[in-house]
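*Asks:* pasting the sequence and the predicted coordinates here, then a few questions.
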Amino acid sequence: MQKEAQRAAYLIMQGFDKSFRWFSRVTLGAQTLFEKGDWQGMQNAVRERIAIYEQSLADVVAQLFSLPPESRQSLAFWRCLKEAYLLQLNGHPQSELAETYYNSIVGRIFKHTQINDELLFLQPSMCFLPGKDRHKVVFSFDTQTTVRTLIESLFACYRFGIPYENWERDVQRLDEALRQRLSHSQLASVTDVDVLKPIFFRGKAAYIIGRIQMPDETLPFVVALQTNDCQEIYVDALLTDRRDLSVVFGFARAYFMVDAQYPAEMVAFLHELIPNKKLFELYLSIGFHKHGKTAFYRDYLQHLATSDDNFELAPGIKGLVMAVFYLPSYGVVFKVIRDKFAESKRITREHVKKCYKMVKMSDRVGRMADTHEYVNFQLPKTRVSQALLDELTSTCQSSITIDDDTITIHHLYIEKRLTPLNLFLDNEKDEDKQRAAIQDLGTCIKQIAMANIFPGDMLHKNFGITKHGRVVFYDYDEICLMHERHFRELPKDDPYAMDTLSVGPTDVFPEQFEHFILTKKVWKEMLKEEHSDLFSATYWKGLQQSIQQGANPHFCPFNPKMRFRRDE
């Protein structure tokens, strides 16, 4: 048994290392795609990278099933396997990711019915202390020099295969911007400047991320880069506000393409810059979505142990497809697909899963909440309110199992918790804030469509608003690609035409949107102030044509006012 366990541990680690090399190879290709301006290639690479994990798991699980059945059926074998695998984790630069990979393998073999620390790494096998490998992930610069020399030294560390549009101008802008944000005395007191070695790529932009340390404070910074139509690089902005950094690393954006050979060290550094982000959010943002789920689950278990509030039905209008609940002291919502849908929802359970997967594989452009799928997720029964228990047992019976102590949900999604837009508008008395949210709702719908996704059900209850006032879509059961809809105008001249109008299953009449996106007339008028084109079939047909022609707009992830004014 010992030899079989060691062989199995070797196969799993070999599978992880192979998948991580594949993941890294795709990631490293992002710089070439950026330099070529191959934005479609960048999106394809993001999708390929997400798919790598499942393909790798399938290969390794198939290999493990070649082991003798008597070994696979013995719990003693799996305990021995974990011990053998643990020895291989010692000193591994991606040990935390390798733990998650192991969990995924064992979870798949046991169909996620054995969720315990005896067989899995429910908790980390070792304590990570940041700093040991810090020199491997950051550049450190001499601070006993001028600001300009520091900037030049920084950029000398990053090599691109294409030229800068105007190097002198960009250095000057960065010099001036930094001097505006730090006083002379602050600049004189700088002790360290540390910058992450890898460049962060996403969409049409690249980001250099670091920090300036002074005795009493630390200034994080992000240098945002873009390319022009001639494929020349220019500096787009210098960000030094943690709120801007938080939005750049937001939960509604695609994962960064960044070469993280020492992910724990990189995440620790990022967490020092953006302490309001949880570690699992940062792992997610740099593309390790499976380990992000593991880190979330560990955070969830820790929160359960240190809190005493109950799981409750989420506030707002009940969904027709999902039962949604939350833990008031925790910042996520839990979504379970109902057993039956209302007659107005002519979709299936598999269709809903397909839609959620589509969002995972798409560029969410800062407007669609990331979702994380879990199997056999457990809730302590004593912490579940009676109202929630009644809702789950009456509408989601096929998705749950209840025993004396635990409610096991066989399939659920987890999302960041937002304030539902309908509740925000009902409770907000400031008309200017209402108007800002409603106009951002219009922008949200347009940007999702520009990203080649038709939102489908655009009732304002299906959108949320972040603490930064940004509107985000989070209900995906009716989404589709833009070309899958036929946008039509309502007949206008013939008063009897509506009675005989033939409507196909893919037909959409944008003129009708105003009747259901928002409920109150005053809100509808606010939306029309900037977004009246949303109610025109011509607008939507134009978007379809633009997408078909390969348009790939850039969605700025920070306040556009922070962008440098370009000298055209």
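*Replies:* Yep, that arrived. Residues are numbered from 1 along each chain as shown.

*Asks:* so where is the stretch 251-400 of the chain shaky, pLDDT-wise?
*Replies:* By pLDDT under 70, the stretch 251-400 of the chain has no low-scoring segment.

*Asks:* tell me where it has strands.
*Replies:* Taking DSSP state E, counting those that start in this stretch to define them, one finds strands in the stretch 251-400 of the chain at 312-313, 322-326, 332-337, 371-380, 400-402.

*Asks:* quick one: closest of those strands to A254.
*Replies:* Of all the strands of the stretch 251-400 of the chain, it is strand 371-380 that lies closest to A254, at 13.5 Å by C-beta to C-beta. Bear in mind the C-beta positions are built from the backbone N, C-alpha and C, glycine included.

*Asks:* follow-up on the earlier one: now for the strands of the stretch 251-400 of the chain, which one comes closest to F16?
*Replies:* strand 371-380 (20.3 Å).

*Asks:* helices or strands up against that closest one?
*Replies:* helix 289-305, helix 349-361, strand 406-416 (3 or more C-beta pairs under 8 Å, 6 or more residues apart in numbering; DSSP states H and E).

*Asks:* picking up where we left off before, among the strands of the stretch 251-400 of the chain, which is nearest E272?
*Replies:* strand 332-337 (23.6 Å).

*Asks:* now do that closest one: distance to the chain's middle.
*Replies:* Here strand 332-337 is found 16 Å from its chain centre; the criterion is C-alpha atoms, centre = their mean, to the nearest Å.

*Asks:* and the angle for it with helix 349-361?
*Replies:* 140 degrees (axes from the mean of the first three to the mean of the last three C-alpha atoms, to 10 degrees).

*Asks:* care to break this structure down by domain?
*Replies:* 2-109, 134-294, 307-417, 421-548 (automatic domain parsing).

*Asks:* format these as CSV; extra columns: mean neighbour count.
*Replies:* As requested, the domains of the chain are exported to CSV (neighbours: other C-beta atoms under 10 Å):
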stretch, mean neighbour count
domain 2-109, 17
domain 134-294, 18
domain 307-417, 17
domain 421-548, 16
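
*Asks:* tabulate these in TSV, adding columns for distance to M126.
*Replies:* Output for those, formatted as TSV (distance: least, C-beta to C-beta, whole Å):
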stretch	distance to M126
domain 2-109	7
domain 134-294	10
domain 307-417	25
domain 421-548	35
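
*Asks:* nearest to K541, of the helices and strands packed on strand 371-380?
*Replies:* helix 349-361 (22.2 Å).

*Asks:* measure Q55 to E48 for me?
*Replies:* 10 Å (C-beta to C-beta, to the nearest Å).

*Asks:* helix/strand/coil for A8?
*Replies:* Of the three states, A8 takes helix under DSSP: H, G, I helix; E, B strand; the rest coil.

*Asks:* lowest-confidence helix or strand of the chain?
*Replies:* Here the helix or strand of the chain ranked lowest by mean pLDDT, DSSP states H and E is helix 69-72, holding a mean of 65.

*Asks:* need the strands of the stretch 251-400 of the chain in JSON lines (columns: distance to A436).
*Replies:* As requested, the strands of the stretch 251-400 of the chain are exported to JSON lines (distance: least, C-beta to C-beta, whole Å):
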{"stretch": "strand 312-313", "distance to A436": "29"}
{"stretch": "strand 322-326", "distance to A436": "26"}
{"stretch": "strand 332-337", "distance to A436": "24"}
{"stretch": "strand 371-380", "distance to A436": "26"}
{"stretch": "strand 400-402", "distance to A436": "40"}
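
*Asks:* among the ones you listed, which is nearest H515?
*Replies:* strand 322-326 (23.8 Å).

*Asks:* from the chain's centroid, how far away is the closest one?
*Replies:* Between the centre of strand 322-326 and the centre of its chain there are 20 Å (C-alpha atoms, centre = their mean).

*Asks:* heads up, I number from 56, so please use that
*Replies:* Yes, from this point I'll number from 56; that puts the last item at strand 377-381.

*Asks:* which residues sit against it?
*Replies:* 366-369, 371, 373, 387-393, 443, 446-447, 450-451, 468, 472, 530, 532 (C-beta atoms under 8 Å, 6 or more residues apart in numbering).

*Asks:* partners of that strand in the sheet?
*Replies:* strand 367-368 (antiparallel), strand 387-392 (antiparallel) (DSSP bridges).

*Asks:* any chance of these in TSV, plus distance to W133?
*Replies:* Formatted as TSV, those follow (distance: least, C-beta to C-beta, whole Å):
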stretch	distance to W133
strand 367-368	37
strand 387-392	29
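
*Asks:* now the helices: where do they sit in the stretch 206-355 of the chain?
*Replies:* 222-236, 239-243, 297-303, 318-328, 334-340, 344-360 (DSSP state H, counting those that start in this stretch).

*Asks:* confidence score at the closest residue to R236 other than its chain neighbours?
*Replies:* Using C-beta to C-beta, 6 or more residues apart in numbering and skipping residues adjacent in sequence, the residue nearest R236 is T295, 5.3 Å away. T295 carries a pLDDT value of 95.

*Asks:* residues contacting L112?
*Replies:* G70, Y156, S159, I160, R163.

*Asks:* among those, which are in helices?
*Replies:* G70, Y156, S159, I160, R163 (DSSP state H).

*Asks:* which of those residues lies closest to S417?
*Replies:* Taking the ones in helices among the contacts of L112 together and measuring to S417 by C-beta to C-beta, the closest member is S159, at 22.9 Å.

*Asks:* just checking, M413 touches I508?
*Replies:* Yes - under the criterion of C-beta atoms under 8 Å, M413 makes contact with I508 at 7.5 Å.

*Asks:* any shared contact partners between the two?
*Replies:* I534.

*Asks:* just to revisit the earlier point, quick one: which of the strands of the stretch 306-455 of the chain is nearest V313?
*Replies:* Per C-beta to C-beta, nearest to V313 of these: strand 426-435, 20.0 Å.

*Asks:* can you list contacts of that closest one?
*Replies:* With C-beta under 8 Å, 6+ apart, strand 426-435 has contacts from 162, 167-168, 170, 344, 347-348, 351-352, 359, 366, 389-390, 411, 414-415, 460-470, 531.

*Asks:* distance of S591 relative to E569?
*Replies:* Counting by C-beta to C-beta, the gap from S591 to E569 is 11 Å.

*Asks:* er, P475 actually
*Replies:* For P475, the distance to E569 - C-beta to C-beta - is 20 Å.

*Asks:* just D72 next, same as before
*Replies:* 55 Å.

*Asks:* just the endpoints, please. Distance across stretch 302-320?
*Replies:* 21 Å (C-alpha to C-alpha, to the nearest Å).

*Asks:* kindly report the same for stretch 366-375.
*Replies:* Span of stretch 366-375 from end to end, C-alpha to C-alpha: 20 Å.

*Asks:* residues contacting the residue nearest to R236?
*Replies:* Applying C-beta under 8 Å, 6+ apart, the residues near T295 are R236, L274, P275, F276, V277.

*Asks:* which one is the fourth one nearest to, not counting chain neighbours?
*Replies:* Spatial nearest neighbour of F276, chain neighbours left out: T295 (5.0 Å); criterion: C-beta to C-beta, 6+ apart.
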